[in-house]
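**Student:** sequence and predicted structure are below.
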Amino acid sequence: MKTILVTGATAGFGAAFARRFVRDGHRVIATGRRVERLQALAEELGDSILPLQLDMMDRKAVDRFVDSLPADWRRIDVLVNNAGLALGLSPAWESDVADWDQMIATNITGLVHLTRAVLPQMVERNDGLILNLGSIAGDYPYPGGHIYGGTKAFVLQFSLNLRADLVGKNVRVTNIEPGLVTGSEFSVVRFGGDAARAAALYADKAPLTAEDIAETAAWLVSLPPHVNINRIEMMPTCQASSALAVKGK
Ligand SMILES: NC(=O)c1ccc[n+]([C@@H]2O[C@H](COP(=O)([O-])OP(=O)(O)OC[C@H]3O[C@@H](n4cnc5c(N)ncnc54)[C@H](OP(=O)(O)O)[C@@H]3O)[C@@H](O)[C@H]2O)c1
């Protein structure tokens, strides 16, 4: 049984991770801002869930989070840096810089601070796994993706560079880079609560599901300590990358 810290467990991938990890016999520290959802998850999954409110933008709370855990939950075998968001899809010059700050604070600053808090115990034990939720947005640009794509490119390079520090140690880091995925609130959040606009993105398509991402995470958790998967790019069959589209005169 591993103890797995999942950020952003109140919805989407994070909730799917928690369900899958508990099904596989692990226990999960489930965090996020919407504490009532964490409580519901704990009621559903029982003692294998420790529900704790954590706002990834609250740097002090993130820095002291590990030390504030109950003693028997303080050993973290797996950290899943999942909390994150995209806000808006306007061109850079029209978008709200407050949205930029929120994406950077959550997707980058919160993620690196929590990682820094967890890493020493993993290095000391010579054992641990960090799963970072990147995105294909970190690999391929698209209109309106500017800051979100930039944050996910950071997460990719942070993941790869961490492994450079960790070479020779059984502390593993994987960047998971999904494409189009349904079963989460990602697009509703991006479009400021406009559920109809979000639903239109997935209509008549068969995107990946949050459970597909959880299946991949479960496989990563099951691998022996000498195996590091550096990155995984995942797309549904209804999606592919195409380089340098040109349109207009
Ligand atoms: N869905 C996709 O198509 C897709 C594709 C590639 C990558 N991703 C990435 O996968 C991750 C999960 O996304 P998702 O699709 O599952 O989206 P989601 O359903 O909107 O879930 C996002 C989670 O992040 C949490 N979160 C956001 N801001 C937070 C903050 N300041 N502090 C703590 N938690 C915060 C939310 O919890 P609270 O609001 O309760 O705090 C929620 O649990 C994200 O990093 C996202 O960028 C998603």
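**Tutor:** Happy to help now that I have it.

**Student:** report the central residue of this structure.
**Tutor:** Centroid-nearest residue in the chain: N82, 1.9 Å away (criterion: Cα atoms, centre = their mean).

**Student:** make sure that one is actually in contact with G14.
**Tutor:** Yes - the criterion here is Cβ atoms under 8 Å, and N82 meets it with G14 at 4.7 Å. No exception for glycine: its C-beta is placed from N, CA and C like everyone else's.

**Student:** what residues do the two have in common as contacts?
**Tutor:** 6-8 (Cβ atoms under 8 Å, 6 or more residues apart in numbering).

**Student:** which one among those gets closest to A71?
**Tutor:** Among the shared contacts of N82 and G14, V6 lies closest to A71 (Cβ to Cβ), at 20.0 Å.

**Student:** look up which residues are beta-bridged to the closest one.
**Tutor:** Beta bridges link V6 to A30, V80, judged by DSSP bridges.

**Student:** how many neighbours does it have?
**Tutor:** If you count neighbours by other Cβ atoms under 10 Å, V6 ends up with 27.

**Student:** looking at this, I176 is in a strand?
**Tutor:** Yes - checked against DSSP: H, G, I helix; E, B strand; the rest coil, I176 lies within a strand.

**Student:** re earlier: just the shared contacts of N82 and G14 that are near the ligand?
**Tutor:** For the ligand, the contacts drawn from these by Cβ under 6 Å from any ligand atom are 7-8.

**Student:** I'd like the shared contacts of N82 and G14 as CSV, with pLDDT appended.
**Tutor:** Below are these laid out as CSV (pLDDT from 0 to 100):
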residue, pLDDT
V6, 99
T7, 98
G8, 98
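
**Student:** and the shared contacts of N82 and G14, which is closest to the ligand?
**Tutor:** Lowest distance from the ligand to the shared contacts of N82 and G14 (Cβ to the nearest ligand atom) belongs to G8, with 2.8 Å.

**Student:** let's verify that closest one: helix, strand, or coil?
**Tutor:** Under three-state DSSP, G8 falls in the coil class.

**Student:** before we move on, what about G248?
**Tutor:** Put simply, G248 is coil when judged by three-state DSSP.

**Student:** run a quick neighbour tally on it.
**Tutor:** Other residues within reach of G248, judged by other Cβ under 10 Å, total 3.

**Student:** for it, give its distance to the ligand.
**Tutor:** Distance of G248 to the ligand, computed by Cβ to the nearest ligand atom, to the nearest Å: 28 Å.
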